[in-house]
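Asker: pasted the sequence and its predicted model underneath.
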Amino acid sequence: QVQLVESGGGLVQAGATLRLSCAASGRTFSTYAMGWFRQAPGKEREFVATISGSGRRTRYADSVKGRFTISRDNAKNTVYLQMNSLKPEDTAVYYCAATRGSYYFIQNFDSWGQGTQVTVSS
């Protein structure tokens, strides 16, 4: 399985920008679809965005569409989540995930990082 390590979380004010990074181990990174998920206190983990192995296809949750952008650099074994116009309701632990299956079916994601905290104050 691929090993995933997230970074880039922090405490910001509403309207600010953050970029999360997820570094993956291994030589076959481009064969994995990657995704970002988040879990707020007292809530279930939810899908945020996913990206295909080539990077050409993406999918976003409605709540982040137009504000967040997922991208990847296969040469660096890294996937990113650019988060603009952050809102207090974006506060959560953000998890990076990977799957050898399709980027489109979020239930396929089966390798997970430890998570990084994002806190947005109002």
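Answerer: Noted; the coordinates are in hand. Given the structure is predicted, the values throughout are model-derived calculations rather than measurements. Numbers count the residues shown, from 1 in each chain.
Asker: let me see the contact set for residue 54.
Answerer: Going by C-beta atoms under 8 Å, 6 or more residues apart in numbering, residue 54 touches residue 30. (Glycine included, C-beta is placed from N, CA and C.)
Asker: give me that answer again for 10 Å
Answerer: The contact partners of residue 54, taken as C-beta atoms under 10 Å, 6 or more residues apart in numbering, are 30-31, 33, 72, 74, 103.
Asker: go on, residue 120?
Answerer: Residue 120 makes contacts with 10-16, 18, 83, 86-92, as judged by C-beta under 10 Å, 6+ apart.
Asker: give the helix, strand or coil label for it.
Answerer: strand (DSSP: H, G, I helix; E, B strand; the rest coil).
Asker: swap in residue 107?
Answerer: Three-state call for residue 107 (three-state DSSP): helix.
Asker: what's the distance between it and residue 85?
Answerer: Separation of residue 107 from residue 85 (C-beta to C-beta, to the nearest Å) stands at 29 Å.
Asker: again, but for residue 103
Answerer: Residue 103 is 24 Å from residue 85, by C-beta to C-beta.
Asker: out of the two, which sits in the more crowded spot?
Answerer: Neighbour count, other C-beta atoms under 10 Å: between residue 103 and residue 85, residue 103 has more, with 24 against 13.
Asker: give the contact list for the nearest residue to the more buried one once chain neighbours are set aside.
Answerer: Using C-beta to C-beta, 6 or more residues apart in numbering and skipping residues adjacent in sequence, the residue nearest residue 103 is residue 33, 3.6 Å away. By C-beta under 10 Å, 6+ apart, the residues touching residue 33 are 50-54, 57, 59, 72, 79, 97-106, 108-109.
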